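model the following, please.
(2 chains)
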Amino acid sequence: MDGLSEKLDIKRERITKLLKRTKSDKVPIYLLNDGYLAFYAGRKMNEINSYDEAMAVTKKAFSDLDAECGAPYVPYNVWLNPTFKLWDGAVHRIGDDGVLQIIPSAIEIMRPEEYPDFIVNPAKYLMDVLYPRRYKILGIPDEQIKYEKIAKSYELYGELGEYMAAAERESEVVNISGGLVFNPIDIIFDFLRNFTGIMRDVRKCPEYLKEAGMAMVPQILKAMQYIPKESFRVIETPMHLPAFIKPKDFEKTYWPSFKALSYGLVEQGHNIQYIFEKDYTHLHDYLQELPDKNILGLFEKDDLKTVQKKLGKIMAFGGGLSRELMYSATKAECINHTKKLIDELGAEGNYIIAPEFPMMFGVDAKPENIKAIIDTTKEYGIR
Amino acid sequence: MGNNNSNMEILEKIAIEMLGMEDSNEIESVVYSFPYTVFIQ
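Residues are numbered from 1 along each chain as shown, chains lettered A, B, ... in the order given. The predicted structure is shown next:
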């Protein structure tokens, strides 16, 4: 058991079996949480200023919310705020309430005529041309100072990793995330071109978009090759652009590099968790061509019975808990809904109960409702 | 350290000097992690 508690070891085994789409002793539940733990523990996010406080929040919330997996509370004030100061720029900022916010005006740092140069060596073009437009640290003339600031931000990243590992051990809830990587076209969408820009590129220069995505794949795979592979961890990939484009445009632009990266990561031995934000029903035929192992798909709007029928032999899948249910329904309605999910989807070993969205705010779930849902899986989800 | 290095070369120095890496594949992995997994905030 590698010094772990028996409880954590059992949970890891359940997640391992889920990712192999093999029946285990119970239907697992995934508390897809991002900030919600602070609310649950009665703290304000902007008042949590140390890893010790973050650990206390995580342990307090998870002592009640005894799910198989979820994320320890991440104190942005401790990690991201100092990182943003070192970089002197970012796409995000920490709001007064402590919540991570996007800065829309900071996204578009690439012009469409730059695709040919980008495609030659995307990583070098990002670091030497595009990112210095946003992260002023990368344009500092004194290279010793630049070196020290980049190194310091890397150290902060390492400290976060140490905290996350300790929080998993102490809270006895599996932190399923072993890393975060965006699909290539979503890197261009989310960090280089923004919505209007990429929609223009989809129409005007789909070949450039496709080539840019494919040029990034081998470099991303090199970045991921030494990330530890564990049977119960996943590389998280939030999916953004596909929900906004037609299948024919998806096939021409997004799909080639998405598929290539997916096969590459699985070949390296990684599990992948795709977060299919909004509705992916129009793309299920493509998703059937993904690797038929090592994948967990979390769905927001898709009908889960259809997902199980069309994709259940390709990937494990999660979802089923809406904000309306978790916040507005009664505790009894939450319990009944959880039982229904287990009855309808839990028989094959490929389903994990999860919120349809990352939980951030108090309005995402009443504490008594989310606790009742998790407890129901312990009582009713036993096979 | 000179003044005209590519930022990629600085990342390589971090991998070698700060992280003590010697294997070229591991160094390359750290270098590519910056544009794709670190500087995405």
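
looking at it, B:L19 is touching B:V30, isn't it?
Yes. In this structure, B:L19 is within contact of B:V30 by Cβ atoms under 8 Å, at 6.4 Å. No exception for glycine: its C-beta is placed from N, CA and C like everyone else's.

ok, and what's touching the longest helix along chain B?
The longest helix of chain B (DSSP state H) is helix B:24-33. By Cβ atoms under 8 Å, 6 or more residues apart in numbering or on different chains, the surrounding residues in contact with helix B:24-33 are A:123, A:219-220, A:222-226, B:8, B:11-12, B:14-16, B:19, B:21.

residue closest to the middle of chain B?
Centroid-nearest residue in chain B: B:L11, 2.3 Å away (criterion: Cα atoms, centre = their mean).

I'd say that residue and B:Y36 touch.
No. Contact between B:L11 and B:Y36 fails when scored by Cβ under 8 Å: they sit 11.7 Å apart.

near chain B, anything from stretch A:78-91?
Yes. Using Cβ under 8 Å from any Cβ of the partner chain, we find that stretch A:78-91 touches chain B at A:L80, A:T83, A:F84, A:W87, A:A90, A:V91.

and the helix or strand A:D9 falls within, how far from the chain's centre?
Under the criterion DSSP states H and E, the helix or strand holding A:D9 is helix A:6-19. Computed by Cα atoms, centre = their mean, to the nearest Å, the chain-centroid distance of helix A:6-19 equals 19 Å.

what helices and strands are in contact with that helix?
The criterion is 3 or more Cβ pairs under 8 Å, 6 or more residues apart in numbering or on different chains; DSSP states H and E, and the helices and strands that helix A:6-19 contacts are strand A:295-299.

hmm, who's touching the strand it packs on?
A:18-19, A:30, A:32, A:234, A:262, A:266, A:271-276, A:280, A:287, A:307, A:311, A:314-319, A:352, A:354, A:356.

where do the strands sit along the stretch 151-300 of chain A?
Assigned by DSSP state E, counting those that start in this stretch, the strands in the stretch 151-300 of chain A fall at A:177-180, A:234-239, A:272-276, A:295-299.

just the C-alpha atoms of the longest helix of chain B, please, in CSV.
Taking C-alpha atoms only, helix B:24-33 is exported to CSV below (Å, rounded to 0.1, in the frame of the first residue of the first chain):
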residue,chain,number,x,y,z
SER,B,24,18.8,15.2,-23.4
ASN,B,25,15.3,13.8,-23.6
GLU,B,26,14.6,14.9,-20.1
ILE,B,27,15.9,18.4,-20.8
GLU,B,28,13.8,18.6,-23.9
SER,B,29,10.8,17.5,-21.9
VAL,B,30,11.3,20.4,-19.4
VAL,B,31,11.9,22.9,-22.1
TYR,B,32,8.7,22.0,-24.0
SER,B,33,6.7,21.9,-20.7
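
buried ones in it?
Neighbour counts using 16 or more other Cβ atoms under 10 Å in any protein chain shown place B:I27, B:E28, B:S29, B:V30, B:V31, B:Y32, B:S33 of helix B:24-33 among the buried residues.

in CSV: those residues, plus distance to A:A151 and pLDDT.
Below are these laid out as CSV (distance: Cβ to Cβ, whole Å; pLDDT from 0 to 100):
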residue, distance to A:A151, pLDDT
B:I27, 15, 96
B:E28, 18, 96
B:S29, 17, 96
B:V30, 11, 94
B:V31, 13, 96
B:Y32, 17, 97
B:S33, 14, 95
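
out of those residues, flag the one nearest to A:R169.
Distances from A:R169 to the buried residues of helix B:24-33, taken as Cβ to Cβ, are shortest for B:S33 (24.8 Å).

tell me the spacing between the residue nearest to the spatial centre of chain A and A:F118.
Centrality entry for chain A: nearest residue to the mean C-alpha point is A:E236, 4.2 Å, by Cα atoms, centre = their mean. From A:E236 over to A:F118 the distance is 25 Å, taken as Cβ to Cβ, to the nearest Å.

got it, and B:N25?
24 Å.

with A:S153 instead?
For A:S153 relative to A:F118 (Cβ to Cβ), the value is 24 Å.

what does A:F258 give?
A:F258 is 18 Å from A:F118, by Cβ to Cβ.

who's more crowded, these two?
Neighbour tally, A:F258 and A:F118, criterion other Cβ atoms under 10 Å in any protein chain shown: the higher count belongs to A:F258, 25 against 22.

find the nearest non-adjacent residue to that one, please.
Leaving aside its sequence neighbours, A:F258 sits nearest to A:N183 (Cβ to Cβ, 6 or more residues apart in numbering or on different chains; 4.9 Å).

do a quick rundown of the helices in the stretch 1-150 of chain A.
Using DSSP state H, counting those that start in this stretch, the helices of the stretch 1-150 of chain A run over A:6-19, A:36-40, A:51-64, A:80-87, A:115-120, A:122-125, A:131-134, A:143-171.

so for the second one, what's the average pLDDT?
If I follow you right, that is helix A:36-40. The pLDDT scores in helix A:36-40 average 95.

other residues contacting it?
Contacts of helix A:36-40 (Cβ under 8 Å, 6+ apart): A:44-45, A:48, A:57-58, A:60-62, A:64-65, A:70, A:72-73, A:98, A:359-362, A:364-365, A:367, A:370.

what subset of these is buried?
Among the contacts of helix A:36-40, those scoring as buried are A:45, A:48, A:57-58, A:60-62, A:65, A:70, A:72-73, A:98, A:359-361, A:364-365, A:367, A:370 (criterion: 16+ other Cβ under 10 Å).

so which of the residues you listed belong to strands?
Counted as lying in strands by DSSP state E, out of the buried ones among the contacts of helix A:36-40, are A:G70.

who's in contact with A:N271?
A:L19, A:G178, A:K229, A:S231, A:R233, A:V234, A:I235, A:N294, A:I295, A:L296.

gap between the longest helix of chain B and the chain center?
With Cα atoms, centre = their mean, you get 7 Å for helix B:24-33.

touching, B:F39 and A:L130? I think so.
No. Taking contacts as Cβ under 8 Å, B:F39 lies outside contact range of A:L130: 9.8 Å.

with neighbour numbers in mind, choose between the two.
B:F39 (25 against 22).

which one is A:D186 nearest to, not counting chain neighbours?
A:H240 (4.8 Å).

tell me how many other residues crowd the one you found.
20.

next to chain B, which bits of the stretch 1-150 of chain A? Give me the list.
Near chain B, when you scan the stretch 1-150 of chain A using Cβ under 8 Å from any Cβ, you find A:80, A:83-84, A:87, A:90-92, A:122-124, A:126-128, A:131-132, A:135, A:138, A:141-144, A:146-147, A:150.
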